[in-house]
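Student: 3D, please:
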Amino acid sequence: MTTALDPKGRLKLVIFDCDGVLVDSEHASCQATAEFARSLGLNISDEAAHDRFSGKALPQVVEELEHELGRSLPENTALKMRDNLVRLMQKTAEPVEGASEMMHGIRDLGVPFRVGSNSSVTEMDAKFERTGMTHFFPEDRVHSANDMNEPKPSPEVYLYAAKAEGVLPENCVVIEDSDTGAEAARRAGMSCVLLRADGLPNPSFWPVPGFVRINHLSQLVPLLRNTLERQKQA
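Tutor: Residues are numbered from 1 along each chain as shown. Below you'll find the model as predicted:
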């Protein structure tokens, strides 16, 4: 049972997704994926690519494209896509609105934090460098589901982050924006804060105990501060 956000629980670790939570890269990366798909002869619009591929690791994307094509792509396709994305992120990645202020607030709370993403570490390095957030996330606190060959919705990257911190899954809260990532948090037995604009639907498995929704990063620090204060009083 998740308890990280419960008044009688204990919040000991915050795990951030990267894309869509810290770095505004989903639109550019999905557009690049759509352009690649169209170069293969597939009729996939930029909008459809965002709906289909947002939050997914590149090997998952390649697998979907192969299924639609009815044939295999070269073995190095995912690596070539990654290299293209790294170059793209070095030029275009921007922080999610309020991310820097939020991270300063999280650090002031004194709760340890890590990153667990479907992006490769190489991609995240480029994104954090471009957005000026490298100092928040030293290499030993950045974990890639893609590099583990366990892409979300597998919970493994989140479970690994918890183990690396030496805390139990029920004492972790994941900050996510995608259905895929939220499902990974659910499978990991962790609480989850879903960052999603008003008007957009919840994941199909919603509601889940220990899951809450916010529409802007400015709401995260007050939420977690209130949680920590209630837990101290319990």
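Student: tell me which residues in the longest helix along the chain are buried?
Tutor: For the chain, the helix that runs over the most residues, judged by DSSP state H, is helix 77-92. Of the residues in helix 77-92, 77, 78, 81, 82, 85, 86, 88, 89, 92 count as buried by neighbour count, 16 or more other Cβ atoms under 10 Å. C-beta: built from backbone N, CA, C; applies to glycine.
Student: same check on stretch 170-179?
Tutor: Those would be 170, 171, 172, 173, 174, 175, 176, 177, 178, 179, for stretch 170-179 by 16+ other Cβ under 10 Å.
Student: which residues touch the nearest residue to the first one once chain neighbours are set aside?
Tutor: Here the nearest residue to residue 170 in space, its sequence neighbours aside, is residue 3; by Cβ to Cβ, 6 or more residues apart in numbering that works out to 4.8 Å. Residues in contact with residue 3, defined by Cβ atoms under 8 Å, 6 or more residues apart in numbering, are 9, 10, 170, 171, 191, 210.
Student: dig out what the fifth one forms beta bridges with.
Tutor: By that I understand residue 191. With DSSP bridges as the criterion, residue 191 is bridged to residue 173.
Student: what segments of this protein are strands?
Tutor: For the chain, the strands defined by DSSP state E occupy 13-16, 23-24, 94-95, 113-117, 142-144, 172-176, 191-195, 211-214.
Student: which one is residue 208 nearest to, not counting chain neighbours?
Tutor: Residue 208 sits nearest to residue 186 (Cβ to Cβ, 6+ apart), 5.7 Å away.
Student: adding pLDDT and distance to residue 163, write the buried residues of helix 77-92 out as a markdown table.
Tutor: Below are these laid out as a markdown table (pLDDT from 0 to 100; distance: Cβ to Cβ, whole Å):
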| residue | pLDDT | distance to residue 163 |
| --- | --- | --- |
| 77 | 82 | 32 |
| 78 | 77 | 26 |
| 81 | 77 | 30 |
| 82 | 74 | 26 |
| 85 | 76 | 28 |
| 86 | 77 | 28 |
| 88 | 78 | 32 |
| 89 | 79 | 28 |
| 92 | 83 | 34 |
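Student: how about residue 81: what's its closest non-neighbour residue?
Tutor: Spatially, and ignoring its direct neighbours in sequence, residue 81 is nearest to residue 58 (5.2 Å; Cβ to Cβ, 6+ apart).
Student: how about the nearest residue to residue 116, chain neighbours excluded?
Tutor: residue 157 (4.2 Å).
Student: next up, the contacts around residue 177.
Tutor: By Cβ under 8 Å, 6+ apart, the neighbours of residue 177 are 17, 19, 20, 21, 55, 194, 195, 196.
Student: quick check: the nearest residue to it once chain neighbours are set aside vs residue 36, distance?
Tutor: Distances taken as Cβ to Cβ, 6+ apart place residue 20 nearest to residue 177, at 3.8 Å, with adjacent residues excluded. For residue 20, the distance to residue 36 equals 20 Å [Cβ to Cβ, to the nearest Å].
Student: same check, this time on residue 7
Tutor: Residue 7 is 48 Å from residue 36, where distance means Cβ to Cβ.
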